[in-house]
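Novice: The sequence and its predicted three-dimensional model are supplied below.
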Amino acid sequence: MENYCTNIDSAEKSGDLLQREALLTKQLYRYVAKATQQSDFTRDHQATDLANGFLNHGNYLAYGLAATILWVLGIPHGFAVMHGKTRRGALVFDVADLVKDAIVLPWAFVCAKEKMSEQEFRQQILQKFTEHKALDFMFEQVKQQAMRDDWS
């Protein structure tokens, strides 16, 4: 983790930061897949296996939280910060990233290992969002960044 933090801190362009984020997430996939005895896992948004399906479902729930926060704060969800240059949604993806790897990613694998239904997974993720106060955390992070006046 220290290497990833150092690499992220030293990123000079948004493209470099996105690449380093992707490398970290791939490493987290490998780690959690191994820990849950799903070492043959490959991330594929179109795949029909439980882990990929739960990742997609959980990520969409995180996007919903992010969209809600941006709407409440009056910030356009399509405002391009990091992701906006490559696909629609922009800031929604950036805000959702605050909780996706920490909550959605591990629980997608745990629930897949336990062969939960889609509804059971949804209930689990919503419970974890509540337990970890994901909405509050995301709101505070966005608000803090919006209030900064030290941008260079």
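Specialist: Now that the structure is in, tell me what you want to look at.
Novice: show me where pLDDT drops low in this protein?
Specialist: The chain contains residues with pLDDT under 70 at 1, 4-8, 11, 77-89, 151-152.
Novice: all helices of it, in order?
Specialist: 2-9, 14-35, 50-73, 91-99, 105-113, 118-131, 134-147 (DSSP state H).
Novice: Can I get the ones you listed in TSV including mean neighbour count and distance to residue 42?
Specialist: All C-beta spots, glycine's among them, are computed from the backbone N, C-alpha and C. As requested, the helices of the chain are exported to TSV (neighbours: other CB atoms under 10 Å; distance: least, CB to CB, whole Å):
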stretch	mean neighbour count	distance to residue 42
helix 2-9	11	21
helix 14-35	15	9
helix 50-73	19	8
helix 91-99	22	21
helix 105-113	21	13
helix 118-131	15	19
helix 134-147	15	27
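Novice: Grab the nearest non-local neighbour of the spatially most central residue of the chain.
Specialist: In the chain, the centroid-proximal residue (CA atoms, centre = their mean) is residue 100; its distance is 2.5 Å. The shortest distance from residue 100 to any non-neighbouring residue, by CB to CB, 6 or more residues apart in numbering, is to residue 62 (5.1 Å).
Novice: any idea how far that neighbour lies from residue 129?
Specialist: Going from residue 62 to residue 129 by CB to CB, to the nearest Å gives 8 Å.
Novice: what do these two both touch?
Specialist: Common neighbours of residue 62 and residue 129 (criterion: CB atoms under 8 Å, 6 or more residues apart in numbering): 99, 103.
Novice: Surely residue 129 touches residue 64?
Specialist: No. With contact defined as CB atoms under 8 Å, residue 129 does not reach residue 64; the gap is 10.0 Å.
Novice: Give me the contacts around stretch 64-74.
Specialist: In contact with stretch 64-74 (CB under 8 Å, 6+ apart) are residues 76-77, 79, 91-96, 98-99, 129, 134-135, 138-139, 142-143, 146.
Novice: my bad, stretch 95-107
Specialist: 21, 24-25, 28-29, 32, 54-55, 58-59, 61-63, 65-66, 69-70, 121, 124-125, 128-129, 132, 134, 137-138, 141-142.
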